[in-house]
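Student: below: sequence and its predicted model.
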Amino acid sequence: MIKVLDMNVPTLDDINVSGKKVIVRVDINSPVDKKTKKLLDYSRIQAHSVTIRELIDKKAGVVIISHQGRPGDDDFISLEEHAKVMSKYVGQEIEFVDDVIGPYSRERIRNLKPGEAIMLQNLRLISEETVEGPIEAQKDTFIVKTLAPLVDVYVNDAFATAHRSQPSLVGFPLVLPSAAGRVMEKEISALSKIFNEPDRPKVFVLGGGKVPDSLKIVENLVKKRAADKILTGGLLAEVLALAQGYQLSKENLKVIEDKGLLSQVQRAKELMPLIKDYVEIPVDFRTEEDGKVNDYPINDVHGVIKDIGERTIMKYSQEIQEAKVVVLRGPMGVIEDERFKQGSAKILKAALESKAFVIVGGGHMISVLGGMKTDPKKVHISTGGGALLLFLAGDKLPALVALSRTSTEVKV
Ligand code: 3PG
């Protein structure tokens, strides 16, 4: 068992999987190249391969489930490549099953042998998987009702999606004996230590494109006094700048409008009295205008914002020097384009060179690390993005709540 706040969460040490069929929820949602649709980073797949290998070694028949992207987004793709990459890390073929709850998938699970592993298609092809709801209600969804009777045990290893109360994450523990996988367990123990650490200041560096999530996270971090300073980049910084009355440029306003983020500017305005003493926005931005790249101060921006500017990099790097803990999630700019990667890369470098304990989360920021070797005593590379930050803000993550409620009587 592992303790999280006031909850006891069972682990793989508390459950017998030998000769059983085990459904494992992982989060191998990875950054995707917009043009080629190929995966840009394998770190989540590599992390989860440890749990899969252990289950195979224990002679379980393993059914791997995950999401990738969100319907309508560029990175909403099939899990076929993920299965190939996972096969390499596990050292055994993971058969890709191009179906989630249909007859093909059900038949394949029925025939699954001990020591075999398969990966089902992207869970979010089933629309109910994208709907968050109370834990009790999620056990009655098609996904849970169809797949649970075909297996004996549920393992949740998806720390990175543990903040979503979706069917595959919270529905199974109420109907199957369940446990946390090794990634989930490792994240909880590493992050609990940091969460309880009195060392301050704690500096958070937040970027990326998931603005509604990020605003909620900023609100939580401030309310729960988990952050002393929040340095922002990416679209989040643009929304905060607009909320503070900066005009940016016509092109940027259009980007914000096209991404449906005008309501978030309003939300940020409402939050401003609460967060203004904690949140910092860039003093300059790196933009692209007719193919030319330039830095402009925040009150005189031309072209489309693609990264933070050089002065902001220096300012943020200095603030990071003072920190005892630095948490980085989400890139500062469009890292897929080398010309706009340096904001994220230099901020990451400043954190790694500082005396602070560093937590790097979210697939994009991890890809900036580019496989660089780091000292685990100084750096924790988390598979989580949003989940990581909500955990550090002291939130009870729904997936952990569900696991803590799994019935001990139905242990196999
Ligand atoms: C993430 O990358 O943060 C997780 O995979 C969750 O993805 P989501 O924000 O689309 O639910």
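Tutor: Perfect, I can see it now. Numbering: from 1, shown residues only.

Student: go through the helix or strand hosting Pro273 and flag the buried ones.
Tutor: According to DSSP states H and E, Pro273 maps onto helix 262-275. Neighbour counts over helix 262-275 (16 or more other CB atoms under 10 Å) mark Gln264, Val265, Arg267, Ala268, Leu271, Ile275 as buried. Heads up, the C-betas are built off the backbone N, CA and C, glycines and all.

Student: and that helix, how far out from the chain middle?
Tutor: 23 Å (CA atoms, centre = their mean, to the nearest Å).

Student: helix, strand or coil: sort out Ile45 for me.
Tutor: helix (DSSP: H, G, I helix; E, B strand; the rest coil).

Student: quick one: residues contacting it.
Tutor: Residues in contact with Ile45 (CB atoms under 8 Å, 6 or more residues apart in numbering) are Ile28, Ser30, Leu39, His82, Val85, Met86, Tyr89.

Student: the first one and Leu79 touch, don't they?
Tutor: Yes - taking contacts as CB atoms under 8 Å, Ile28 lies within contact range of Leu79: 7.4 Å.

Student: shared neighbours, these two?
Tutor: Counting by CB under 8 Å, 6+ apart, the residues touching both Ile28 and Leu79 are Ser66, Gln68.

Student: returning to that earlier point: quick check: mean pLDDT of the helix holding Pro273?
Tutor: Throughout helix 262-275, pLDDT has a mean value of 97.

Student: so what does that helix touch, helix or strand wise?
Tutor: helix 211-223, helix 234-243 (3 or more CB pairs under 8 Å, 6 or more residues apart in numbering; DSSP states H and E).

Student: name the residues that touch the helix or strand just after it?
Tutor: Using DSSP H and E, the helix or strand that follows helix 262-275 towards the C-terminus is strand 279-280. Outside strand 279-280, the residues that touch it by CB under 8 Å, 6+ apart are Val218, Val222, Lys229, Ile230, Leu231, Thr232, Leu240, Lys315, Tyr316, Glu319.

Student: before we move on, back to that, which one of the helices and strands packed on helix 262-275 has the most crowded surroundings?
Tutor: helix 234-243 (a mean of 26; mean count of other CB atoms under 10 Å).

Student: so that helix, near the ligand or not?
Tutor: No - using CB under 6 Å from any ligand atom, helix 234-243 never reaches the ligand; the gap is at least 13.9 Å.

Student: helices or strands up against the helix or strand following that helix?
Tutor: Per DSSP H and E, the first helix or strand lying C-terminal to helix 234-243 is helix 250-258. Using 3+ CB pairs under 8 Å, 6+ apart, the elements in contact with helix 250-258 are helix 234-243, strand 304-308.

Student: right, and these - which one's nearest Ser404?
Tutor: helix 234-243 (31.7 Å; CB to CB).

Student: wait, what's in contact with the residue in the stretch 251-400 of the chain positioned nearest to the ligand?
Tutor: Nearest to the ligand, among the residues of the stretch 251-400 of the chain, is Gly385, at 3.8 Å (CB to the nearest ligand atom). Residues near Gly385 by CB under 8 Å, 6+ apart: Ala160, Gly208, Lys210, Arg329, Gly330, Gly361, Gly362, Gly363.

Student: quick check: closest non-adjacent residue to it.
Tutor: Gly362 (3.4 Å; CB to CB, 6 or more residues apart in numbering).

Student: give me the number of residues near the closest residue to Met86 other than its chain neighbours?
Tutor: Leaving aside its chain neighbours, Met86 sits nearest to Ile94 (4.8 Å; criterion: CB to CB, 6+ apart). Look at Ile94: counted by other CB atoms under 10 Å, it has 24 neighbours.

Student: touching, Ile94 and Glu116? I think so.
Tutor: No - contact criterion CB under 8 Å: Ile94 and Glu116 do not qualify, at 9.1 Å.

Student: quick one on the thing from earlier: nearest to Ile308, out of the helices and strands packed on helix 262-275?
Tutor: helix 234-243 (7.3 Å).

Student: and the contacts of that closest one?
Tutor: By CB under 8 Å, 6+ apart, helix 234-243 touches 206-209, 211, 214-215, 218, 232, 248, 252-253, 255-256, 259, 261, 264-266, 268-269, 272, 279, 281-282, 298, 305, 308, 330-333.

Student: buried stuff in whatever helix or strand Ile143 lives in?
Tutor: Using DSSP H and E, Ile143 sits within helix 142-147. Buried residues in helix 142-147, counted by 16+ other CB under 10 Å: Ile143, Val144, Thr146, Leu147.

Student: who's in contact with that helix?
Tutor: Contacts of helix 142-147 (CB under 8 Å, 6+ apart): 23, 63, 65, 100-101, 106, 109, 123, 126, 128-129, 138, 167-168, 171-172, 175.

Student: domain map for the chain?
Tutor: Domains of the chain are assigned by automatic domain parsing as 2-188+396-404, 197-381.

Student: could the ones you listed be laid out in JSON lines, adding distance to Leu389?
Tutor: Conversion of the domains of the chain to JSON lines gives the following (distance: least, CB to CB, whole Å):
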{"stretch": "domain 2-188+396-404", "distance to Leu389": "9"}
{"stretch": "domain 197-381", "distance to Leu389": "5"}
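
Student: who does Val360 form a beta bridge with?
Tutor: Counting by DSSP bridges, Val360 forms beta bridges with Leu328, Ile381.

Student: can you tell me how far Leu79 is from Gln68?
Tutor: 6 Å (CB to CB, to the nearest Å).

Student: equivalent analysis for Arg311, please.
Tutor: Counting by CB to CB - Arg311 and Gln68 are separated by 37 Å.

Student: who's more crowded, the two?
Tutor: Legend: neighbour count by other CB under 10 Å for Arg311 and Gln68, higher for Gln68 (23 against 15).

Student: could you pull up the contacting residues of that one?
Tutor: Ile28, Asn29, Ser30, Val32, Asp75, Phe76, Ile77, Ser78, Leu79, His82, Asn122, Arg124.
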